[in-house]
Each structure stands twice: as structure tokens, then as C-alpha cells.
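K.L.:
Below is the sequence, then the predicted model.
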Amino acid sequence: MAGRGAGRGRAAVSIASGSDASPTSGRGRGRGSVVSSPLLPRAPTTLSDVVSEIQKIRASESEPLPPILIHKCVSFTRGSGTNEQLVQTIFEAVYDNRERAEPLAILSSTLSSDGDNLIGKPFRNALLSHSQSQYNQRKELRLRSVEVWLCMISFLSYLFKYLKAGGQPIRALSGPLSVCFSDILSGDDISDDEIDCVCDLLRNVGSAIAQSSSEQDVQLIKLVRDKILASSTSNRARCLLLELLEFRAAGWTGKEEANRFYADTLGDMH
């Protein structure tokens with residue numbers, strides 16, 4: 001998912017609250033006779049196996065996640081791997097390609113569900129703990145790479161969209177997300193790519209943030225308006241922010257005429 005910076009003195013916000021055997025058949029030694037081979041243990045799933053499946057993910061694919069990916073993730077944590085290793089691998093894959101943020105958030109939500117063939121709460125706890133750690137390092141992440149910083153925000157946004165507890169979004173993710181969005185909207189040395197990313201993500205999760213906290217929603221929209229009026233804001237960024245305001249005014253749904261207008265306007269700016 002490529003979307004359309006870093007905290008500056010914000011108050012801390014908390015996010016974290018054996019081998020299988022399969023029978024095989026041997027060739028018959030005599031006509032009409034079949035001799036069964038001994039049960040052979042399957043090779044344990046390694047981290048390389050998981051990485052190999054994750055790298056096959058394409059954001060443009062509309063199909064559900066391949067069952068083999070889910071199976072290998074579960075098998076890895078039930079073998080020699082840990083939930084923490086799996087979570088770190090998922091984050092690294094997102095940082096390598098922002099377009100993986102949404103499908104890997106869906107994968108993380110699926111693995112966090114309760115079920116015989118899933119991982120459940122232990123994985124969810126590891127996921128939220130690592131998310132908290134990455135959020136706490138947001139300043140360093142942006143200094144390291146603006147793209148990595150945007151990858152982190154994108155992944156947290158889609159986690160907020162898909163990860164549920166009792167059928168509801170994880171409210172602990174709402175505050176950190178709002179801080180990250182505020183960091184960009186109130187920053188001075190902000191690129192158009194960061195504005196583009198924030199606008200794209202807010203179109204996806206803005207409604208959920210508003211439902212989680214009307215105060216955070218009002219504050220973010222105030223920052224959007226301030227950014228539009230700022231002299232340092234480029235015409236392209238201003239157009240993206242105006243489109244976001246109209247999107248929110250329409251109840252976080254796009255209207256075909258407005259979408260066409262802003263698409264044409266942005267196209268004329270290239």
C-alpha cells in the first residue's frame with residue numbers, strides 16, 4: 001500500500017497493554033502388494049520459509065491471503081520460532097515495501113484471532129508490544145528514512161482498521177496514530193509525500209478515529225486547516241488536504257464528481 005514525520009515533544013501514548021508426521025506409501029515389492037513406509041517427520045518451518053511466503057505478497061492482489069502463508073506463520077511459532085521473531089519479520093517486510101502494509105496488517109489480524117489453526121492472544125500481545133516500541137522510536141525512524149517512517153505509520157493505520165478486540169478496533173492504537181498524523185500536519189520540514197500518505201491513510205481510518213475519539217478528530221481537522229493556510233504548504237499538498245476536508249464533510253465517503261475534480265486538478269500540477 002503506497003500511501004498518499006516524527007513526534008516533537010508529545011506525551012507518551014501506550015499501545016501495548018513439535019513436528020508433524022505424515023504417512024507415505026512405499027512401492028510394492030511383489031505384484032499387487034504395497035508396503036507402507038515408516039512415518040517421516042515433516043521438516044520444521046523456518047523463518048526463511050515465512051519470509052519467502054511474505055515476499056510473494058502483492059498489494060494489488062484482491063484475493064484473500066494464501067492459506068500456506070498463514071499455515072507457515074502458525075507452524076513457525078509452534079515449532080522453534082517465537083511470536084516476537086514473527087512480528088519483527090512482519091515489520092521488516094513492511095519497512096522494505098510500504099505496499100505490504102495493508103495485506104500484512106490483515107495477516108496480523110488473522111493470526112491474532114482465536115482458533116485452533118491460529119495463534120491468538122500471544123501473537124496479538126507481541127504485535128502490540130513491538131508496535132509500541134516502534135512508535136516510541138518514531139523520531140529515530142524518520143531520521144533514518146522518511147520512507148521507513150511512513151511505512152510504520154501506514155502499518156499502524158491498517159492495524160487500527162483490521163485488528164479487533166471484542167469486535168471493536170484496538171483503541172490503544174488511536175492515540176499513537178493521531179500523534180503521528182499531528183507530527184506531520186504540524187511540522188515545518190514536511191514533504192509532499194508525507195502529506196500524501198497522511199491524506200490517504202485518513203481516508204481509510206479517519207472515520208474509525210472519529211468514532212474512537214471525537215476530540216482527536218477535531219484536533220486533526222484543525223491541523224489540516226492550519227496546514228492548508230500555511231505559506232510553506234505547496235499547491236499540490238494544499239489540494240490533497242482540501243480533498244481530505246471534503247471527504248470528511250461527506251461522511252468519510254468520496255463523491256464521484258469531487259474525486260474527478262481533484263484528480264484532474266492534481267494531474268494538471270504534474
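P.N.:
The structure has been received and is ready for your questions. Residues are numbered from 1 along each chain as shown.

K.L.:
My guess is A126 contacts G81. True?
P.N.:
No - shown here, A126 and G81 do not form a contact pair, counting by CB atoms under 8 Å, at 11.3 Å. Every C-beta, even on glycine, is put in place using the N, C-alpha and C of the backbone.

K.L.:
what secondary structure does the residue nearest to the spatial centre of the chain sit in?
P.N.:
Nearest to the mean C-alpha position of the chain, counting by CA atoms, centre = their mean, stands F155 at 2.5 Å. Using DSSP: H, G, I helix; E, B strand; the rest coil as the criterion, the local structure at F155 reads helix.

K.L.:
gap between it and L241?
P.N.:
As for F155, its distance to L241 is 23 Å (criterion: CB to CB, to the nearest Å).

K.L.:
How about V224?
P.N.:
As judged by CB to CB, V224 and L241 stand 5 Å apart.

K.L.:
Have a look at these two and say which one is more surrounded.
P.N.:
When V224 is set against L241 and neighbours are counted by other CB atoms under 10 Å, the residue ahead is L241, at 24 against 21.

K.L.:
Could you measure from W149 over to I184?
P.N.:
9 Å.

K.L.:
out of those two, which sits in the busier spot?
P.N.:
Neighbours of W149 and I184, each counted by other CB under 10 Å, are more numerous for W149; the result is 26 against 22.

K.L.:
Skipping its backbone neighbours, what lies nearest the more buried one in space?
P.N.:
Nearest residue to W149, sequence neighbours excluded (CB to CB, 6 or more residues apart in numbering): R142, at 4.0 Å.

K.L.:
the bottom helix or strand of this structure by mean pLDDT?
P.N.:
Least confident helix or strand, the chain: strand 21-22 with a mean of 39, by mean pLDDT, DSSP states H and E.

K.L.:
show me where this protein has strands.
P.N.:
21-22, 40-41, 164-165, 168-169 (DSSP state E).

K.L.:
Report the rounded mean pLDDT for the second one.
P.N.:
It refers to strand 40-41. Per-residue confidence for strand 40-41 averages out to 42 on the pLDDT scale.

K.L.:
likewise stretch 125-137?
P.N.:
The pLDDT scores in stretch 125-137 average 96.

K.L.:
then it to CSV, C-alphas only?
P.N.:
Written as CSV, here are the backbone C-alpha positions of stretch 125-137 (Å, rounded to 0.1, in the frame of the first residue of the first chain):
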residue,chain,number,x,y,z
ASN,A,125,0.4,-9.1,22.7
ALA,A,126,3.7,-9.4,20.9
LEU,A,127,2.4,-7.4,18.0
LEU,A,128,1.1,-4.5,20.2
SER,A,129,4.3,-4.6,22.2
HIS,A,130,6.5,-4.2,19.1
SER,A,131,4.2,-1.5,17.7
GLN,A,132,4.7,0.4,21.0
SER,A,133,8.4,0.1,20.6
GLN,A,134,8.4,1.3,17.0
TYR,A,135,6.1,4.2,17.9
ASN,A,136,8.5,5.2,20.7
GLN,A,137,11.3,5.3,18.2
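
K.L.:
which residues touch stretch 177-185?
P.N.:
By CB atoms under 8 Å, 6 or more residues apart in numbering, the residues outside stretch 177-185 that reach it are 5-8, 10, 13, 135, 138, 152-153, 156-157, 160, 190, 194-195, 197-198, 201-202, 205, 209, 213, 216, 219-220, 223-224, 226-227.

K.L.:
which of the residues you listed are buried?
P.N.:
Buried by 16 or more other CB atoms under 10 Å: 5-7, 10, 13, 135, 138, 152-153, 156-157, 160, 190, 194-195, 197-198, 201-202, 205, 209, 216, 220, 223-224, 227, out of the contacts of stretch 177-185.
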